[in-house]
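Peer 1: compute the structure for the input listed below.
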Amino acid sequence: MAVKVVYETHSITVDNETGVATGWLPGELSERGRELAAELGVRRRGVDVVYCSDLRRAVETVEVAFGGGKEVRLDARLRECDYGSYNGRPVSEVAALRRRHIDTPWPGGQSYRQVVAEMAGFLGELREEWRGATVLVVSHSANRWALQNLLDGTPLEELVDAPFRWQEGWEYEVA
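Peer 2: Presented below is the predicted three-dimensional model:
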């Protein structure tokens, strides 16, 4: 049996609203982000379990969404790409350099290919433990690119250059 994976990015942060690429910094939800997180909890109340990045902004999203009413498992493999010395820099600066870091790690950080490898290991464990279940994953944009690369075959070169378009989650089936 397959696992249904429902993927949601963490809610809007103060950094998102001010154009900062948070990377591995904790981040904090904005007022609008807290409202959207509450909506997420209503929208996804039927999931069997929630997996979440251990970065503060993702944890805060899940806390607001579910308030302890769901089993939540934090997983460091679901962290945003580590931009190293570029964590906390302007999004425009980071976005202009993404393609260079598909295979080459950011200075003091990691590459997007390393994010894909972390996601592959995570999905392997989901297949074993959650067959037939619906799993909500709350994470970051690089992790969604990893899912698209692994499950849809979309090249990372296309994903890192595409503009981010938020939506109310993405659904995947992991066989």
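Peer 1: hmm, who's touching stretch 19-37?
Peer 2: Counting by CB atoms under 8 Å, 6 or more residues apart in numbering, stretch 19-37 makes contact with 10-17, 55-57, 60-62, 64-65, 79-84, 86-95, 109, all of which sit outside it. All C-beta atoms are positioned from the backbone trio N, CA, C, and that covers glycine.
Peer 1: for this structure, what spans make up the strands?
Peer 2: Counting by DSSP state E, the chain has these strands, from start to end: 3-9, 20-21, 49-52, 72-74, 89-90, 134-139, 170-174.
Peer 1: just the buried residues of the contacts of stretch 19-37.
Peer 2: Buried members of those, counted by 16 or more other CB atoms under 10 Å: 10-16, 55-57, 60-62, 64-65, 79-83, 86-87, 89, 94, 109.
Peer 1: so which of those belong to helices?
Peer 2: Filtering these for membership in helices, criterion DSSP state H, returns Val14, Asp15, Asn16, Arg56, Arg57, Glu60, Thr61, Val62, Val64, Ala65, Val94.
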